[in-house]
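# Below is the sequence, then the predicted model.
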Amino acid sequence: MTNRKSKVCTLAQALAGVGDGAKVIAAGAHYNNIPMALVRELIRRRVKNLEIIPTPSAGLWVDMLIAAGAVAKVHVSYIGMEFLGLAPNFRRAAESKAIAVEEKDEPTLFHGLRAAGSGLPFVALPPLQLMTDLPKVNPATYKEIRNPFTGEVAIAIPPLAPDVALIHFAKCDQYGNGVSIGGRHMEDIIAKASKRVIVSAEEIVPTEQITAAPTHTTLPGVLVDAVVHAPWGSYPGTCPGVYGYDRAHLEQYYEYARKGQTQAYLERYVFGSEGDAALISAVSQEHLAGLRLG
Amino acid sequence: MNFTPAELMAVVMSHELRDDDFGAVGAASQIPVCAMRLAQRTHAPNLWYLYGGSGAVNSKAKSIVESTADYRNLIGAEYRAPLQDIIDFEYSGEFTVGFLGGMQIDQYGNVNMVCIGDYAKPVVRGPGTVGSIFTSSFRRVILYVQHHNPRLFVPKVDFVSGPGVARNAAIDRYRPRWSEGPVVVVTPLAVMDFQTPDRRMRLRSVHPGQTAEAVQAQTGFELAIEGRVPTTTEPTEQELRIIREEIDTSGVLRHLVE
């Protein structure tokens, strides 16, 4: 008899297969549960020409990848820094056409991913976008169709299938069963839509912890290809139930970004070490301890 | 009793809410969050509300945090809605009232979150449409902004992210039958609505210390003004006490709008 195979590996091993031009999605909403350790490793790998498929509310990780020169195209619903304002690198790159923008919105990203995950040929939606300028600037996505049952106008949108999904959890076992303490947002839909799913977690827990409460599992490991142990993996964002976001650090990033000096931020906090060692040593342990919950 | 512009805005918005409402807010929505919770504690005990991002339903967090996506909003909440639920509620008309803002708002309540200037060559690239299309699917929409100036209130938005009031049969045929669209606009200076024969924005009331002329000067199109414009009703001591002692205990609304 052979043993069940662990999916645990290093950051570098997990992302080794992500090449130039890959379509990448990262889970999370605003600063919550964003897989920043995985994003930082992508930056260290100096991949190019990524096609970024964000969740409907994203910002920090997209802005950082753009500053690192890793992005060719972004599907946009909301790219911003929420309470801090506009995302400076996204704004500059979009205005100067350094990146291509595919103009979408929340339900278009969501239902596109859902179509890919469910194997639907397309999704028919009520024609609300026809009341906006979205179809004018993205005619390839919004197709006016006739409802075959009623004859009324509807909108068809195509499936949206990322090559790679990056997802962070508070806990995960070696087989990829992930637990988000803050509850499910759309991790299941993202994982089902994506060809390869890479999970990071604050803690790799024994499978007995998962089986003791299977209804608490946010994402089943059957959808997961690799598991990475990444403490502070959402930092400077929030990992629900583990730590809150670091407002001072987010403001610091925003200042670097606003002044066009994100390279200096990346040199200081992202490059120059294996994994997040440089980042964790640059931010004092005392400061990090203050973000911990409970 | 003294109050700040953000507290006044929250009280004005709470008066717009009804006992049978199910309200929705997006991220960084401290003022509408306060409005819904105030309404629930005063005239609308049966009101339900949902915070986008965190998915918290009927959150009872002791203070207002900067982000409604912050999972700490789940404190005292009755349910955590995944995004699937939120989008279903948005399309189906389950949300009776939604709060939205924008980079630009025009005289017919159209909202722009995408760009200032020509889309192909924008002066400012905005964050994007997110859920703005649902101004045509929430039963009622309360528009609100934390600034009131002629760059924000423009005759015609540069990009329509969120549809305004019904006035164009060619596109209004796509609007769900239950939606009234934008019904009121609340700013740090005034309250506006669309109660005019041609659905143009009308100055409903000016906040204490403001005049109709001053508000018009800060608006990039001609507001409909009928006779003497009343002054916005001030918050009562009771309302301010509830806000400061039970909802916004850390005083976010005391510092939000200059």
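Structure received.
# From the contact counts, what lies against whichever strand or helix holds residue A:42?
Take DSSP states H and E as the rule and residue A:42 turns out to sit in helix A:36-44. Judged by 3 or more Cβ pairs under 8 Å, 6 or more residues apart in numbering or on different chains; DSSP states H and E, the packing partners of helix A:36-44 are helix A:11-15, strand A:23-26, helix A:60-67, strand A:164-172, strand A:196-204. Quick note: C-beta positions are derived from backbone N, CA and C, even for glycine.
# Just want the angle from it to strand A:164-172.
Using axes from the mean of the first three to the mean of the last three Cα atoms, to 10 degrees, the direction of helix A:36-44 lies 140 degrees away from that of strand A:164-172.
# now what about helix A:36-44, what contacts it?
By Cβ atoms under 8 Å, 6 or more residues apart in numbering or on different chains, the surrounding residues in contact with helix A:36-44 are A:11-12, A:14-15, A:18, A:24, A:26, A:50, A:60-61, A:64-65, A:68, A:70, A:166, A:168, A:198, A:200, A:228, A:230, A:232-237, A:266, A:270-271, A:275-276, A:279.
# cool, and stretch B:190-206?
Stretch B:190-206 is contacted from outside by B:12, B:107-109, B:148, B:165-167, B:182-185, B:189, B:207, B:210, B:212, B:214-216, B:221, B:223-226, B:229-233, using Cβ under 8 Å, 6+ apart.
# Of the helices and strands packed on helix A:36-44, flag the one that's most buried.
Each of these was scored by mean neighbour count; the highest is strand A:164-172, a mean of 28, by mean count of other Cβ atoms under 10 Å in any protein chain shown.
# Report the distance from it to the chain centre.
In terms of Cα atoms, centre = their mean, to the nearest Å, the centre of strand A:164-172 is set 9 Å apart from its chain centre.
# Mean confidence (pLDDT) on it, please.
The average pLDDT within strand A:164-172 is 98.
# Now the element after that strand, going C-ward?
For strand A:164-172, the following helix or strand on the C-terminal side (DSSP H and E) is strand A:178-179.
# Buried ones only from the contacts of stretch B:190-206, please, as a ChimeraX command.
Buried residues among the contacts of stretch B:190-206 (16 or more other Cβ atoms under 10 Å in any protein chain shown), as a ChimeraX selection:
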select /B:12,107,108,109,148,165,166,182,183,184,185,189,207,210,212,215,216,223,224,229,232
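# which ones among the contacts of stretch B:190-206 are found in helices?
Taking DSSP state H, the ones among the contacts of stretch B:190-206 that sit in helices are B:12, B:212, B:214-216.
# I'd like to know which residues of the stretch 151-258 of chain B are adjacent to chain A.
B:159-163, B:171-176 (Cβ under 8 Å from any Cβ of the partner chain).
# Let me see the domain layout of chain A.
With automatic domain parsing as the criterion, the domains of chain A are listed as A:8-103+A:161-291, A:122-157.
# Just want the phi and psi numbers for the spatially closest residue to residue B:186 that is not a sequence neighbour.
In this structure, residue B:186 finds its nearest non-sequential neighbour in residue B:144, 4.5 Å apart by Cβ to Cβ, 6 or more residues apart in numbering or on different chains. Main-chain torsions, residue B:144, degrees, to the nearest 10: phi -150, psi 150.
# Residue B:144 - how many residues pack around it?
Residues lying near residue B:144 (other Cβ atoms under 10 Å in any protein chain shown) number 24.
# Let me see the contact set for it.
B:9, B:13, B:31-32, B:99-101, B:185-187.
# rerun at 10 Å
Residue B:144 is in contact with B:9-10, B:12-13, B:29, B:31-32, B:35, B:99-102, B:105, B:184-188, B:191, counting by Cβ atoms under 10 Å, 6 or more residues apart in numbering or on different chains.
# Many thanks, have a good one.
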